[in-house]
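> give me the fold of what follows.
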Amino acid sequence: MMQWLMERHSTGIQLLNVLKTKPMVIFTTAYDSFALQGYELDAIDYLLKPISFERFMKAVDKVYDKLQLQHQSKNEATEQPHYILPKDDYIFVKTEFRYEKIDFNDILYIEGMGDYLCIVTTKKKIMTLQGFKRMEESLSKNNFCRVHKSYIVAIDKIESVERNRIKIKEKLIPVSDSYKDSFNKILENKKLS
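Okay, the predicted model is just below:
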């Protein structure tokens, strides 16, 4: 069916015009002359080639945000608990002049250092200009916990906790008063009674 539609309509815009149910679309092209038509058809984004990875990720984020809103409004309408789209098990962070893939399972902890974040993994340390808030939002609440204004820890990498200090490998990480209660709740759930 899709093959037949594509043969009958030489452009993505023509195809989108005939579809009854419009999918989420990101147009990619080397020509900017169709941008207005793309937006009139409610395209999520319109990317001009050559496309940078950063620009591509921004478009993908728009799709993700729109999906989240759709699921949230569906759930509110049916009065069910919020459904959150599963997040990937990795992220790309910009470091120097490249984007580096970091598996969440490899992260030991993240330390804020002024305008930078130092992501300490089982393999290496990665410095990035990424903001703390954005980083915290991209991590699973089940696996990571903010314990200080300058630290996020991987819960499964904690070796011990003593006197408001967490030990991960050879690093002692303070638990501040403002994050103490939420961290203690996590510990309570993990304790063997």
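> and the residue nearest in space to the middle of the chain, what's its pLDDT?
To find the centre residue of the chain, average its C-alpha atoms and take the closest one (Cα atoms, centre = their mean): that gives Ser138, at 3.9 Å. Here the pLDDT value assigned to Ser138 is 85.
> quick check on it: phi, psi?
phi -80, psi -10 (degrees, to the nearest 10).
> that one contacts Phe92, doesn't it?
No. Taking Cβ atoms under 8 Å as the definition, Ser138 is not a contact partner of Phe92, at 10.3 Å. Where C-beta positions appear, they are placed from N, C-alpha and C, glycine not excepted.
> thinking again about what came up before, helix or strand: which one has the residue lying closest to the residue nearest to the centre of the chain once chain neighbours are set aside?
Distances taken as Cβ to Cβ, 6 or more residues apart in numbering put Ile91 closest to Ser138, at 5.5 Å, once the chain neighbours are dropped. Under the assignment given by DSSP states H and E, the secondary-structure element containing Ile91 is strand 90-95.
> outside of that strand itself, list whatever touches it.
With contact meaning Cβ atoms under 8 Å, 6 or more residues apart in numbering, strand 90-95 is reached by 53-54, 57, 99-104, 119, 126-130, 138.
> what about that strand, average pLDDT?
Mean pLDDT, computed over strand 90-95, is 86.
> okay, that strand in PDB with CA atoms only?
Presented in PDB, the C-alpha positions along strand 90-95 are these (Å, rounded to 0.1, in the frame of the first residue of the first chain):
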ATOM      1  CA  TYR A  90      22.200   5.800  26.900                       C
ATOM      2  CA  ILE A  91      22.700   9.400  26.000                       C
ATOM      3  CA  PHE A  92      25.100  11.400  23.800                       C
ATOM      4  CA  VAL A  93      26.900  14.300  25.500                       C
ATOM      5  CA  LYS A  94      29.000  16.900  23.800                       C
ATOM      6  CA  THR A  95      32.600  16.900  24.900                       C
END
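> perfect, that will be all.
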